[in-house]
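Chemist: Everything below, folded, please.
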Amino acid sequence: MIDRNIGLTERIVRLVLGVILIGWIFTADRFGALQAVALVAAFALLWNSIFARCYLWRWLRISTCDPTQRDCPQPRGEN
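Modeler: Model (predicted):
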C-alpha cells in the first residue's frame, strides 16, 4: 500500500464532494451516463477521504499530508 499523501483539509473536502455527488445522483430524475460517471467519481472521492491515499497524487508526486502528523511520511530527501 502507498504512504498517506492526503492531508486532513483535503480529506474533508473530498468527503463533502463525494456526499454531494451521491446526493445529486439519488435526487436525479433518471440514471444515465452522467450519473454513472458521477457515481464512480463519488466512490473514488469517498475512498480517498477514508484512507487518505490517492494514487493519482502519488503518480504526480503530490502530497498534502502534513509530515508532522502521525502516519504521514516525511518528504523524500529531508531526514
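
Chemist: make it CA atoms for all contacts and neighbour counts henceforth
Modeler: Noted.

Chemist: Identify the residues contacting the residue sitting nearest the centre point of the chain.
Modeler: Nearest to the mean C-alpha position of the chain, by CA atoms, centre = their mean, lies Asn48 at 3.2 Å. By CA atoms under 8 Å, 6 or more residues apart in numbering, the contact set of Asn48 is Ile6, Arg11, Arg14, Cys54.

Chemist: and what of Ser63?
Modeler: Contacts for Ser63 (CA under 8 Å, 6+ apart) come out as Asn5, Ile6, Gly7, Trp57.

Chemist: roughly how far apart are it and Trp57?
Modeler: 7 Å (CA to CA, to the nearest Å).

Chemist: rewinding a little: could you dump the contacts of Asn48 to TSV with secondary structure and neighbour count?
Modeler: Formatted as TSV, these follow (DSSP: H, G, I helix; E, B strand; the rest coil; neighbours: other CA atoms under 10 Å):
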residue	secondary structure	neighbour count
Ile6	coil	24
Arg11	helix	22
Arg14	helix	22
Cys54	coil	20
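
Chemist: Would you mind writing the CA trace of the helix or strand of the chain with the lowest mean pLDDT as CSV?
Modeler: Taking mean pLDDT, DSSP states H and E as the measure, the chain has helix 55-59 as its least confident helix or strand, at a mean of 90. Output of helix 55-59 as CSV, limited to C-alpha atoms (Å, rounded to 0.1, in the frame of the first residue of the first chain):
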residue,chain,number,x,y,z
TYR,A,55,-2.8,7.0,-6.5
LEU,A,56,-3.1,10.0,-8.9
TRP,A,57,-1.4,12.2,-6.3
ARG,A,58,1.3,9.6,-5.9
TRP,A,59,1.8,9.4,-9.6
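
Chemist: Contacts for it, please.
Modeler: Applying CA under 8 Å, 6+ apart, the contact partners of helix 55-59 are Ile2, Asn5, Ser63.
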